[in-house]
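Asks: Just to be clear, the model below is a prediction. Sequence and coordinates:
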Amino acid sequence: MRLLTIIITVFNQAKYIEECINSMVDSFDDNNIIIIDDGSTDNSVNVIKQLNIIYPFINCIFQKNKGVSQARNIALSFVTTPYVTFVDGDDCIEKGTYKNILEIIDNDFDIIQFPICFNWESHKEKIKSLNKEIYGKENFLRSLIVKELTYSCCNKIFKSKLLNEISFDVGVRYEDAFYLLSLSTYINKVLIIDQGLYLYRYNLDSFSLKRPDENKIVDFIKMSKQVLKIIKEYQLEQFYSIYFCIYTLIELARFMNYFKIEKNIVSQFKVERLFSFNLYGKFPLNYKLFLIINCVFGIKLTLNILKYIHRLKK
């Protein structure tokens, strides 16, 4: 019985698709593969068709451009295995990742997360994982906020029944974050392991890495508000609200600092508008302070300091 379906979404990634597919050849005997092309205008369709001749068991789907969310939703309707995972067509998987994880898979887990390496061609930014079990939706959200769980769906294996509950939101950026937040309601048990590796490529032509426009920033603010709303609903400790507010403000500062956002967009960044619903009373921190913190210390050190202070208070 095949346990896992690997859904690969492609949009204008002709020069990377073959490398992506070949990186997981060792998994072909045990898993189903679905490639869905989202209306590519380069040579991606021809590359996929050629690969389908070599690997005729791959299920290939071609659609007009509707975005990665709709592509994933369509692909999910073809899933018949107990587990499913996602891969972007310009990324790769370290050899043995899926095979080794499937050998230890436990039906009790809704999600299994394995390590991810960003900008892997330069061997940078590998996010180390710890071996940890997470129980309940509240702890799932806590782990998302402090980055024990990433906001990516690609370094995770999901129980297929879990994904039947919701669909990816169409027409928004940060679709993975929105999806994981929506899934939190249904989470019972998650496993984080320190084996396997998802290799994320920084492709400057990628839609997600292009200069942020107004819609991307608005979606980031919507995502932030959703996190804070769920924090309130789940009645999590105030630490998590403050921690995420700091992260959000620093990210907004980064947008302004590095991309020099146009003046008509800047008005959307005001703290009083972003946190106007007052989760824990008036937010006491000044936006400009976070711009300075971001420039001097960087987001990682700032958030690590806050986590350390939280541990001392326990």
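Replies: Perfect, I can see it now.

Asks: Quick check: the gap between the residue found closest to residue 177 once you drop the neighbours it is linked to in the chain and residue 77.
Replies: Nearest non-adjacent residue to residue 177, counting by CB to CB, 6 or more residues apart in numbering: residue 151, 4.3 Å away. (C-beta placed from N, C-alpha, C; glycine too.) Distance, residue 151 to residue 77, using CB to CB, to the nearest Å: 24 Å.

Asks: Same check on residue 8?
Replies: 16 Å.

Asks: Looking at these two, which one has more neighbours?
Replies: More crowded of residue 8 and residue 77, by other CB atoms under 10 Å: residue 8, with 25 against 8.

Asks: same question for the helix or strand encompassing residue 102, mean pLDDT?
Replies: Taking DSSP states H and E as the criterion, the element that holds residue 102 is helix 97-104. The average pLDDT for helix 97-104 rounds to 90.

Asks: same question, stretch 168-179
Replies: Across stretch 168-179, the average pLDDT comes to 93.

Asks: ok, the residue nearest to residue 177 - how many residues close by?
Replies: 15.

Asks: Could you check the pLDDT of it?
Replies: 93.

Asks: just residue 71 next, same as before
Replies: pLDDT recorded at residue 71 is 97.

Asks: Next one: it from residue 167, what distance?
Replies: 12 Å.

Asks: Between those two, which has more neighbouring residues?
Replies: residue 71 (25 against 15).

Asks: So which residues make contact with whichever strand or helix holds the more buried one?
Replies: According to DSSP H and E, residue 71 maps onto helix 68-76. Outside helix 68-76, the residues that touch it by CB atoms under 8 Å, 6 or more residues apart in numbering are 7, 9, 11, 34, 36, 38, 61, 63, 84, 86, 88, 163, 167-172, 175, 207.

Asks: Now with 7 Å, please.
Replies: Residues from elsewhere that reach helix 68-76 (CB atoms under 7 Å, 6 or more residues apart in numbering): 7, 9, 34, 36, 38, 61, 63, 84, 86, 163, 167-170, 175.

Asks: Which strand or helix spans the residue of the chain most remote from its centre?
Replies: Distance from the C-alpha centroid of the chain peaks at residue 53, with 31.4 Å (CA atoms, centre = their mean). Residue 53 belongs to helix 44-54 when elements are defined using DSSP H and E.

Asks: in this protein, what secondary structure element scores lowest on mean pLDDT?
Replies: helix 271-274 (a mean of 40; mean pLDDT, DSSP states H and E).

Asks: what domains does the record give for this structure?
Replies: With domains defined by automatic domain parsing, the chain comprises 4-200, 211-313.

Asks: Can you give me the first-to-last residue distance of the first one?
Replies: Start to finish, the residues bounding domain 4-200 are 20 Å apart (CA to CA, to the nearest Å).

Asks: got the residue ranges for the strands in the stretch 51-200 of the chain?
Replies: Along the stretch 51-200 of the chain, counting by DSSP state E, counting those that start in this stretch, strands occupy 59-63, 83-88, 92-93, 111-113, 116-118, 126-127, 132-135, 156-159, 189-192, 198-200.

Asks: list the helices and strands the fourth one packs on?
Replies: With contacts defined as 3 or more CB pairs under 7 Å, 6 or more residues apart in numbering; DSSP states H and E, the packing partners of strand 111-113 are strand 156-159, strand 189-192.

Asks: Pick the most deeply packed of those strands.
Replies: strand 156-159 (a mean of 23; mean count of other CB atoms under 10 Å).

Asks: for the nearest residue to residue 83 once chain neighbours are set aside, what are its contacts?
Replies: Nearest-residue entry for residue 83: residue 4, 4.7 Å, with adjacent residues in sequence omitted and distances by CB to CB, 6+ apart. Counting by CB under 7 Å, 6+ apart, residue 4 touches 31, 81, 83-85, 98, 102, 157.
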